[in-house]
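Novice: predicted coordinates and the sequence they were generated for:
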Amino acid sequence: MQDILDQLEARRAEARKGGGDKRIDSQHAKGKLTARERLELLLDPGSFEEFDMFVKHRSTDFGMDEKHFPGDGVVTGWGTINGRKTFVYAQDFTVFGGSLSETHAQKICKVQRMALKQGAPIIGLNDSGGARIQEGVAALAGYTDVFQNNIIASGVIPQISVIMGPSAGGAVYSPALTDFIFMVRDSSYMFLTGPDVLKTVTNEIVTAEELGGAKTHTTKSSVADGAFDNDMEALAEIRRLFDFLPLNNRDGVPVRTFFDKHDRIDNSLDTLVPENPNLPYDMKELIAKIADEGDFYEIQADFAKNILTGFIRMEGQTIGVVGNQPMVLAGCIDSDASRKAARFVRFCDCFNIPLLTLVDVPGFLPGTAQEFGGVIKHGAKLLYAYGEATVPKVTVITRKAYGGAYCVMSPKHLGGDINYAWPTAQIAVMGAKGAVEILHRKDLGDAEKTAEHIADYEEKFLSPFRAAERGYIDEVIQPRSTRKRVTRAFALLKDKNLSNPWKKHSNLPL
Ligand code: HXC
């Protein structure tokens, strides 16, 4: 009997070694942890339950029948993060470069299906040389099975991808179908076709880092939602993000113990907006001052910085925040900002996370680059996302809400539930100077008359009161009491029950 028990332990020890000590050393030398080391850091200590540890590939071509590693290059199972369950898979680069074979794909598909059945998130730690070259179409089929599961799980359970090494070719599309992609700086990259192919086909010479490193994907392409300095930081930050997310689309938003007064008054907010309307201020300061304990988990912090997206908590409950950032492009909305915010709003809506929108926007960014780049369609994505969202929606206009941008930023007319404005708000079709240049063109040569027209326009329209008179603003509030007013609004909206008419699915402007 003892022999059999020992045999099991010996088999387990062999599987835990992955591709062997030499390859593990090589992984460490690159500054990367192994798949199992990563899972240990991601999950609560002792909570990981592994599945399919002894799975082997079935390939016989190219001498593969001689080469077997138990587990076949991916470690799968489930565990907990701060006590809440999650399914996981971690590709093991020490086994055939983490490449995806038929059986490797089957292991991932198994945990994907289990996650969906159990209503628990799935986190994939990707470190793979792509399709297992020796397997041909069987590997391609395996990839596509994984993609199909990603698609079916979308909007049902949160799916998170962390890129912790290469992710080339087919390996990029499963992450691209998930809710969030995070990367590790200097050791991860993602591209469809690598530098060598580019050199041959397009004569472009780039490094892997330039083509698909974390900087490229967090600042240029927006493929990735964030980047971290090393494996340890990345895994700690994924744990932090996980705490904000519901387990599935029916479970409800997590509510955590909080130590901040819900009615905390912050007098410094009364002077946050500068007297000169052309001067910027940092919208992140407002977010930090109204969030529980000032905690803000920013998503896509380095892309389209003219709009801010991320998670905070109010009275312990997760809230998705979208805010214009006057520090960048004066807070104007452009194509990139529209896409970034629209995707975030849709994520929050499918997982029932209430939305707080902080508005200070002088309009859409003008220019041929924007028009040729399809700002009409991209702007419509944000409009659509807000109009379709049925979660509680609270809006605070701090300063400018001009033109089409007023219409986009979660106004009453797109189903905003509680819409507040600060006394410094200016809700109008456009700024005073622009309006006077159109309405009083004939007086433009007369500086005195123009100044009078501007003053007149400012008094009439550049305040929150015209909108408040019509009920488009529910109340003009003191900046210092924003946290109190917003937390009470979300408390009121806890029982909101709204659904859109039945449809197969919407046809949002992709
Ligand atoms: C089988 C692979 C492999 C693969 C790497 N290995 N990629 N085995 N299939 N796709 C193996 C290597 O043979 C090696 O085995 C070990 O993994 C480590 O690889 P190295 O090359 O030594 O590591 P490194 O120098 O760090 O380079 C990593 C790499 C490189 C950049 C990922 O291995 C590489 O370019 N691999 C091929 C990438 C690729 O073209 N994949 C197919 C994409 S097409 P040993 O035994 O020596 O340790 C695709 C289509 C899918 O994915 C489309 C679906 C829609």
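Specialist: Arrived safely, thanks for sending. Residues are numbered from 1 along each chain as shown.

Novice: what residues are up against S167?
Specialist: Under the criterion of Cβ atoms under 8 Å, 6 or more residues apart in numbering, the contact partners of S167 comprise N126, D127, S128, G130, P175, S188, Y189, M190, G212. C-beta here means a position set from N, CA and C on the backbone, and glycine is covered the same way.

Novice: which phi and psi does the spatially closest residue to the fifth one that is not a sequence neighbour have?
Specialist: Right, P175. Closest residue to P175 apart from its sequence neighbours, by Cβ to Cβ, 6 or more residues apart in numbering: S161 at 3.6 Å. The phi/psi pair for S161 (degrees, to the nearest 10) reads phi -120, psi 140.

Novice: kindly report the residues of the stretch 51-200 of the chain close to the ligand.
Specialist: 96-97, 99, 129-133, 140, 143, 166, 168-171, 173 (Cβ under 6 Å from any ligand atom).

Novice: among those residues, which ones are buried?
Specialist: In terms of neighbour count (16 or more other Cβ atoms under 10 Å), the buried residues within those are 96-97, 99, 129-132, 140, 143, 166, 168-171, 173.

Novice: relative to A105, which of those residues is nearest.
Specialist: Closest to A105 out of these is Y143 (6.4 Å), distances taken as Cβ to Cβ.

Novice: that closest one contacts G170, doesn't it?
Specialist: Yes: contact criterion Cβ atoms under 8 Å: Y143 and G170 qualify, at 4.4 Å.

Novice: list the residues that contact both of the two?
Specialist: Among the neighbours of Y143, those also in contact with G170 (Cβ under 8 Å, 6+ apart) are L100, A131.

Novice: from the stretch 251-400 of the chain, which residue is nearest to the ligand?
Specialist: Here the residue of the stretch 251-400 of the chain nearest the ligand is R343; by Cβ to the nearest ligand atom that distance is 22.4 Å.

Novice: contacting residues around that residue?
Specialist: Contacts of R343 (Cβ under 8 Å, 6+ apart): A385.

Novice: so the residue nearest to P175 versus D443, what's the distance?
Specialist: The span separating S161 from D443 equals 59 Å under the rule Cβ to Cβ, to the nearest Å.

Novice: okay, these two: which has more neighbours?
Specialist: Set side by side, S161 and D443 show unequal neighbour counts under other Cβ atoms under 10 Å, the larger going to S161 at 27 against 15.

Novice: low-confidence ranges, the stretch 201-350 of the chain, go.
Specialist: Along the stretch 201-350 of the chain, segments meeting pLDDT under 70 are nowhere present.

Novice: quick check: phi and psi at the residue of it found nearest the ligand.
Specialist: Shortest the stretch 201-350 of the chain-to-the ligand distance, computed as Cβ to the nearest ligand atom: residue-wise this is A208, at 7.4 Å. Dihedral pair for A208: phi -60, psi -40, per degrees, to the nearest 10.

Novice: I'd assumed D127 was in a strand, is it?
Specialist: Yes: assessed by DSSP: H, G, I helix; E, B strand; the rest coil, D127 belongs to a strand.

Novice: surely it touches T34?
Specialist: No: in this structure, D127 sits apart from T34 without contact. The criterion is Cβ under 8 Å, and the distance is 9.2 Å.

Novice: mutual contacts of these two, please.
Specialist: Taking Cβ under 8 Å, 6+ apart as the contact criterion, the residues that touch both D127 and T34 are D92, F93.

Novice: scan the contacts of S167 and report the most crowded one.
Specialist: With neighbours taken as other Cβ under 10 Å, the top of the contacts of S167 is D127, carrying 30 neighbours.

Novice: ok, the closest residue to L177 other than its chain neighbours - contacts?
Specialist: The spatial neighbour of L177 that comes closest, neighbours along the chain excluded (Cβ to Cβ, 6+ apart), is N150 at 3.8 Å. With contacts taken as Cβ under 8 Å, 6+ apart, N150 has the following neighbours: Q112, Q159, S174, L177, T178.

Novice: could you list which of those residues belong to strands?
Specialist: Q159 (DSSP state E).

Novice: quick check: D292 vs T193, distance?
Specialist: Taking Cβ to Cβ as the criterion, D292 is separated from T193 by 45 Å.

Novice: more neighbours: those two, which one.
Specialist: Taking D292 and T193 together and counting by other Cβ under 10 Å, D292 has the greater number of neighbours (22 against 14).

Novice: fine by me, we can end here.
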